[in-house]
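Peer 1: Model the structure of this input:
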Amino acid sequence: MSIYIRSSACISPQNTFGNVDFLAEVVEYNGTRLKAIEPDYKEFVDPKLIRRMSHIIKMGVAAAMQCLKNGETEMPGAIITGTAYGCLEDTVTFLTRIIEQDEELLPPTAFIQSTHNTVAAQIALMLKCHQYNNTFVHKGISFESALLDATMLLNENEADNILVGGADEMTDTSFTILSRLGLYKRWPVSNLNLYATKTRGTMGGEGAAFFLLTDKTSDSNVAELTAIRTIYKPESLEDIERRVIDFLAENDLTIDDIDLVITGKSGDTAHDDIYEQLNQSLFKGNNLGNYKHLCGEYPTSSAFALWLASNIIKTGIVPDAVVERHTKAGAPKRILTYNHYQKIYHSLMLVSAI
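Peer 2: Next comes the predicted model:
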C-alpha cells in the first residue's frame, strides 16, 4: 500500500513555519545552541491557554494546527507523536517547586503537563478528537516509531488522515546537563561552519514537525513516504551498508536509483565518522546533503529531515544550504535520509515523488 504525505508544518531554528519561501534565507547562529523561531501562537491557541502552555506544547500544537490547515483537514483520524525528552520545562518547574516549597502546597499544573504525551493530548483536547492517540518515547527513534505506527494503522484501514509529529525542546537546565556530558561544543561556532570545526560535540537544537499521512491519492499530496526502517546498535560499518542495501532492495531499488542522500552529520568528530565513511563508499556516487546545521542535534531531529526531504520533492529545489556534494543534475525524485543518534539508534526513510 502506498502512503502519502498530504501536508506538513515545521517550527525550527530556521524560518520554516507558515507562508515562507523554502529555506530561501538561512539563519546563522554563533554559539553552541540553536533556538526555535516561534510564531505568534495567538493565531492557533486561545491567549488564555497560551500562558499555561510550556514551550514544547506551544510548538507542537501550532505545528499540528498548521499541518491540518495545509492539508485542508479539520479532524484527523488519529494523532501520534514521538518525543524523547518530553515536556522538560514543566518537569524542571515541578521538581524545582518541590525543593523550594519543601514538598508542600504544590500547584498541580506543571506536574500534569510534565508527562511525555501532553502534546498529543493537548492537540486532541483542542480539536475534540476522540480517535486513536499515542505517544512514543523511544529515545533516538521516537519519531520513526510514531511513523511506523501510523503506517500500520493505514495498512490495516484503521484510520485515515493521520497526524504524526516529532517534537523536543531544549531548556537551560537540559542544555547545561547535556553539555557536561560532552554532547555539545565547548566553544562557540557558526552553524554554517559547523562541519569544518572537526572537534568533539555538536550544536544543541529543538523543534516540532508534523505530517498528515494518508493512503488516498490526491493532486494535493506532497510526496510518497515509501519506506521506513530503524536499526538498533549495528555491529559495524559493513553491517550498516548491508542493511541500507537490503532496505533499498526490498523496495526494488539500488543506491544508484537514489537522487539525493540526506545524512544526519552533526559536526561531532566522535559520531560523524560513520557518515564520512559511507559518503566515500556506499554513497560515493550520490548527491549528498546535511540538515543538522540548520536545526541542531536533538533525538527527534529526523522529523526535520523528513520535512526537508518532502519539501525538496514538492518544490524540486535542493537549497544551497543543504548541499554537501552535487554529482547528478535534475530535480530529485527519490530521497534517502539516514540518521543515527549517538551511534545507537539508526534510521532510514525513503521519500519519493508521486
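
Peer 1: contacts and neighbour counts: CA atoms only from here.
Peer 2: Noted.

Peer 1: for the chain, longest helix please?
Peer 2: Identified as the longest helix of the chain according to DSSP state H is helix 55-70.

Peer 1: which other helices and strands contact the helix or strand where Glu89 lies?
Peer 2: Using DSSP states H and E, Glu89 maps to helix 88-100. Using 3 or more C-alpha pairs under 8 Å, 6 or more residues apart in numbering; DSSP states H and E, the elements in contact with helix 88-100 are helix 109-112.

Peer 1: quick revisit: what's the angle from the longest helix of the chain to helix 88-100?
Peer 2: Comparing the axes of helix 55-70 and helix 88-100 via axes from the mean of the first three to the mean of the last three C-alpha atoms, to 10 degrees yields an angle of 160 degrees.

Peer 1: If you count neighbours, what's buried in helix 55-70?
Peer 2: With burial defined by 16 or more other C-alpha atoms under 10 Å, the residues of helix 55-70 counted as buried are 55-68, 70.

Peer 1: Could you spell out the sheet neighbours of the next helix-or-strand element following that helix, each with its direction?
Peer 2: Scanning forward in sequence from helix 55-70 by DSSP H and E, the next helix or strand is strand 78-82. Sheet pairing of strand 78-82 (DSSP bridges) gives strand 132-136 (parallel), strand 162-168 (parallel).

Peer 1: returning to that earlier point: can I get the helix holding Glu89 as PDB, trimmed to CA atoms?
Peer 2: Below are the C-alpha coordinates for helix 88-100, written out as PDB (Å, rounded to 0.1, in the frame of the first residue of the first chain):
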ATOM      1  CA  LEU A  88      11.300  19.300  30.100                       C
ATOM      2  CA  GLU A  89      10.300  22.800  31.000                       C
ATOM      3  CA  ASP A  90       7.300  21.700  33.100                       C
ATOM      4  CA  THR A  91       9.300  18.800  34.600                       C
ATOM      5  CA  VAL A  92      12.100  21.200  35.800                       C
ATOM      6  CA  THR A  93       9.500  23.700  37.100                       C
ATOM      7  CA  PHE A  94       7.700  21.000  39.100                       C
ATOM      8  CA  LEU A  95      10.900  19.500  40.600                       C
ATOM      9  CA  THR A  96      12.200  23.000  41.400                       C
ATOM     10  CA  ARG A  97       9.000  23.800  43.300                       C
ATOM     11  CA  ILE A  98       9.200  20.500  45.300                       C
ATOM     12  CA  ILE A  99      12.500  21.700  46.600                       C
ATOM     13  CA  GLU A 100      11.700  25.400  47.100                       C
END
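
Peer 1: pLDDT on that helix, on average?
Peer 2: Helix 88-100 shows a mean pLDDT of 88.

Peer 1: Same check on stretch 175-194?
Peer 2: Mean predicted confidence for stretch 175-194 is 95.

Peer 1: what do you get for stretch 19-31?
Peer 2: For stretch 19-31, the mean confidence score works out to 94.

Peer 1: do stretch 297-317 as well
Peer 2: Mean predicted lDDT for stretch 297-317 stands at 97.

Peer 1: how far out from the middle of the chain is it?
Peer 2: Relative to its chain's centre, stretch 297-317 lies at 7 Å (C-alpha atoms, centre = their mean, to the nearest Å).

Peer 1: List the buried residues for that stretch?
Peer 2: Neighbour counts over stretch 297-317 (16+ other C-alpha under 10 Å) mark 297-314 as buried.

Peer 1: Which of the residues you listed fall within helices?
Peer 2: 302-314.

Peer 1: how about TSV for the residues you listed, with distance to Leu147 added?
Peer 2: Shown next, in TSV, are those (distance: C-alpha to C-alpha, whole Å):
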residue	distance to Leu147
Ser302	11
Ala303	10
Phe304	13
Ala305	13
Leu306	11
Trp307	13
Leu308	16
Ala309	15
Ser310	14
Asn311	18
Ile312	19
Ile313	19
Lys314	20
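
Peer 1: From Leu153, how far out is the nearest residue to Asn155 once chain neighbours are set aside?
Peer 2: Spatial nearest neighbour of Asn155, excluding adjacent residues (C-alpha to C-alpha, 6 or more residues apart in numbering): Met1 at 6.6 Å. Met1 sits at a distance of 12 Å from Leu153 (criterion: C-alpha to C-alpha, to the nearest Å).
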